[in-house]
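**Q** Predicted structure and sequence below. I'll ask about it afterward.
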Amino acid sequence: MKRSACLIFNPAAGQSNPEQDLALIRQLLEPTIDLEIRLTTPELDGAEIALEAVSRGVESIIASGGDGTLSAVAGAIVGTNIPLGIVSRGTANAFANALDLPNTIETACETILGGLTRVVDAGICNGKLPMVLLAGVGFEAETVEMTDREMKNRWGMLAYVLSGIKQLNNLERFEAEIETEDKIVTVTAVAVTVANAAPPTSILAQGPAGIIFDDGLLDITLVAPENKAGAIAASYHLLQTALTGNASDRDDIGYMRAKKIKISTDPPQKVVLDGEIIGMTPLFIECVPGGLTVFVPRVEEPPVTEKLTGLSDIKVVLK
Ligand SMILES: Nc1ncnc2c1ncn2[C@@H]1O[C@H](COP(=O)(O)OP(=O)(O)OP(=O)(O)O)[C@@H](O)[C@H]1O
């Protein structure tokens, strides 16, 4: 029987031509998969379309758009076991990069056609909001708020970097209390980030480097420089940890892992969840182990290191 999927497509995402993108996706997928195509609008986001598709019992869901659309769709299907295909067409493509997924239309469609799925963790924020990538308190939220559509169109990924640099001039330190299932940490910080998965470009999440997205735990990074120069040095260092995969060893950066995290701050700080400002602290996040099933590229088999079969008189005795 032919496979089927609801394709949720944001025609306004990214900087490419949406008609051409949609035509290419259809050309690649439709020979194998019956697609029900649903377009997002400013009033109808990916989450609403996905929830409705889930209630109709769809076989699989494919989301195509920028990080906003991908996170909204993924969030809506957390806990459903419905496999999700990701076709990134946004500015930063953090979602695909964080989950090690391909980020061209061709390779993304190939991955979906391959049919291989993997279960990854998700998170639930304040008891109701799904989280796939990360929640940022403080600096990151301020940066996201400053990066508007016009800047993204003009500068692409660089827009976030420019906002980050501008934001360094208004660096605000705050008192944070972070409570996990086994400890309470208090610290004066400029950013607290809780990540389920994070691309290397989300530098404020990179304290531990190599964030594991299927270990049933969330990674918390505390960034606590004393001034602007320290913040620049800490940011550069975190970029290095992301690129080399070696955890941070700076004194003004801390990290830990936990299943449940409550963050309170004084004064209250803005919170950004998967790229959207959702309000102010306090914030409670819980890991949902195995909450999301995604189509993934074929995993490279590890190289064969032993072969003892086929030799006519060989005997192997296990010790
Ligand atoms: N048909 C549409 N016309 C105009 N805007 C739309 C439409 N559908 C969705 N949107 C808007 O698109 C935004 C989400 O965009 P999305 O994150 O998918 O792409 P992006 O902003 O280009 O990507 P990125 O976040 O990676 O920069 C939402 O603000 C939503 O209101």
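**A** Yep, that arrived.

**Q** so who does the residue nearest the centre of the chain touch?
**A** Geometric centre of the chain, nearest residue: L133, 2.9 Å, by Cα atoms, centre = their mean. L133 is in contact with 67, 71, 94-95, 98, 195-199, 202, 274-275, counting by Cβ atoms under 8 Å, 6 or more residues apart in numbering. C-beta here means a position set from N, CA and C on the backbone, and glycine is covered the same way.

**Q** Any chance you could list what contacts stretch 79-87?
**A** 5, 25, 54, 58-64, 70, 73-74, 77, 95-96, 99, 101, 105, 108-109, 111-112, 117, 122, 288, 291-295.

**Q** let's see 7 Å
**A** Defining contact as Cβ atoms under 7 Å, 6 or more residues apart in numbering, one finds that stretch 79-87 is touched by 5, 25, 54, 58, 60-64, 70, 73-74, 77, 95-96, 101, 105, 108-109, 112, 117, 288, 291-295.

**Q** hang on, the earlier thing: for the residue nearest to the centre of the chain, phi and psi?
**A** phi -100, psi -80 (degrees, to the nearest 10).

**Q** pLDDT at it, what is it?
**A** L133 carries a pLDDT score of 92 in this model.

**Q** Distance check, it against the ligand.
**A** 11 Å (Cβ to the nearest ligand atom, to the nearest Å).

**Q** Taking this structure, what residue is nearest to the ligand?
**A** The nearest approach of the chain to the ligand comes at G66, 1.8 Å away (Cβ to the nearest ligand atom).

**Q** So that residue versus I86, what's the distance?
**A** Using Cβ to Cβ, to the nearest Å, G66 is found at 11 Å from I86.

**Q** Just want to know which of these two has more residues nearby.
**A** Neighbours per residue, other Cβ atoms under 10 Å: of G66 and I86, the larger number sits with I86, 25 against 22.

**Q** A helix includes the more buried one, no?
**A** No - according to DSSP: H, G, I helix; E, B strand; the rest coil, I86 belongs to no helix; its state is strand.

**Q** Write out the residues of the stretch 51-200 of the chain neighbouring the ligand.
**A** Counting by Cβ under 6 Å from any ligand atom, the stretch 51-200 of the chain comes close to the ligand at 65-69, 90-92, 152.

**Q** and these, which are buried?
**A** 65-69, 90-92, 152 (16 or more other Cβ atoms under 10 Å).

**Q** What about these, which are in strands?
**A** With strands taken from DSSP state E, the overlap with these comprises G65.

**Q** Could you identify the least confident member of the buried ones among the residues of the stretch 51-200 of the chain next to the ligand?
**A** Lowest confidence among these: K152, with 60.

**Q** All the strands of the stretch 151-300 of the chain, residue numbers only.
**A** Assigned by DSSP state E, counting those that start in this stretch, the stretch 151-300 of the chain shows strands spanning 174-180, 184-189, 191-195, 218-223, 253-258, 260-266, 270-273, 276-280, 283-295.

**Q** Go through these and name the closest to K315.
**A** Closest approach to K315 among the strands of the stretch 151-300 of the chain is made by strand 283-295 (42.4 Å; Cβ to Cβ).

**Q** roughly how far out does the closest one sit from the chain middle?
**A** 11 Å (Cα atoms, centre = their mean, to the nearest Å).

**Q** Stretch 115-130 now?
**A** 10 Å.

**Q** same thing with stretch 98-111?
**A** Worked out by Cα atoms, centre = their mean, stretch 98-111 lies 14 Å from the chain centre.

**Q** buried set for it?
**A** Buried, per 16+ other Cβ under 10 Å, within stretch 98-111: 98-99, 101-102, 105, 108-111.

**Q** Also stretch 178-194?
**A** 178-180, 185, 187, 189-194.

**Q** Now do it: everything it contacts.
**A** By Cβ under 7 Å, 6+ apart, stretch 178-194 touches 134-140, 171-177, 204-205, 218, 220-225, 231, 258-263, 285.

**Q** Quick check: end-to-end length of stretch 261-280?
**A** Counting by Cα to Cα, to the nearest Å, you get 15 Å between the two ends of stretch 261-280.

**Q** Show me which residues of that stretch are buried.
**A** 261-265, 269-275, 278.

**Q** near the ligand, from the residues you listed?
**A** Of the residues in the buried residues of stretch 261-280, proximity to the ligand by Cβ under 6 Å from any ligand atom holds for G275.

**Q** Sort the buried residues of stretch 261-280 by pLDDT and name the bottom one.
**A** Ranking these by pLDDT puts G275 at the bottom, with 82.

**Q** That one - nearest residue in space that isn't next to it in sequence?
**A** Leaving aside its sequence neighbours, G275 sits nearest to D67 (Cβ to Cβ, 6 or more residues apart in numbering; 5.2 Å).

**Q** so that neighbour makes contact with A92?
**A** Yes - using Cβ atoms under 7 Å, D67 is in contact with A92, at 5.9 Å.

**Q** Noted, bye for now.
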